[in-house]
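> here is my input; please provide its structure:
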Amino acid sequence: MYELKLPFKDLKDKPRNTVVHFNLFEREVFKLLVEFQAIFAWQEKLQKADPNGVTDTAEVIEFYNNLEEILLAAYGEPDADDLHFYKAGRYKFEESVMFNACMKLFVEDQLAANALIDGLMPKGLQELVQRADASLAEMAKSDATDAQLRAEIDKLRAQISEQTSEQKAS
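From the prediction side, this is the model:
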């Protein structure tokens, strides 16, 4: 779970502070692999970019849309005994000034965005996701058959599942 102490202004421009909670279980990360891969690509590009360089508008929009989907999927509230994470408030959050403040923070502050992604991604899973992406890209270039691609995806899923099981055991 990732907690963010968020300063923001309410609709009457009054300063406020609150703690916002985000959490993704492994199964949810799998559903958001495309969005995470886009965020990882964005992070990698920014690390290599010229600090005075210009960012393409289409890339900024893609980053924003992927980040928004991840944020909305991850938002929720933990229960008192830390056994459940309730996400029923997604649409209420999306319509709030808190969501606007979160998106503004994460778009303007790359370190905050990186901390969010690192906080949401189960340990070791980011590396596996990136390896899976590279492996599948190589296979696609080599004219692999659908059956070969499916077999590679199954192998990668098994590796991810094995790694997350090992992490839970430790």
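
> and residue 19, what is it in contact with?
Residue 19 makes contacts with 3-6, as judged by C-beta atoms under 8 Å, 6 or more residues apart in numbering. Where C-beta positions appear, they are placed from N, C-alpha and C, glycine not excepted.

> can you say which of the residues you listed are buried?
By neighbour count, with 16 or more other C-beta atoms under 10 Å, those hold residue 4 as buried.

> and the contacts of residue 19 as CSV, adding distance to residue 81 and secondary structure?
As requested, the contacts of residue 19 are exported to CSV (distance: C-beta to C-beta, whole Å; DSSP: H, G, I helix; E, B strand; the rest coil):
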residue, distance to residue 81, secondary structure
3, 17, strand
4, 22, strand
5, 23, strand
6, 24, strand
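
> got the phi and psi for the residue located most distally from the centre of the chain?
In the chain, counting by C-alpha atoms, centre = their mean, residue 12 sits farthest out from the average C-alpha position, at 31.1 Å. Torsion angles at residue 12 (phi, psi; degrees, to the nearest 10) stand at phi -100, psi 20.

> ditto for residue 77
The phi/psi pair for residue 77 (degrees, to the nearest 10) is phi -130, psi 130.

> what's the burial count for the nearest residue to it once chain neighbours are set aside?
Distance criterion C-beta to C-beta, 6 or more residues apart in numbering; nearest residue to residue 77, sequence neighbours excluded, is residue 86 at 5.2 Å. Using other C-beta atoms under 10 Å, residue 86 has 11 other residues around it.
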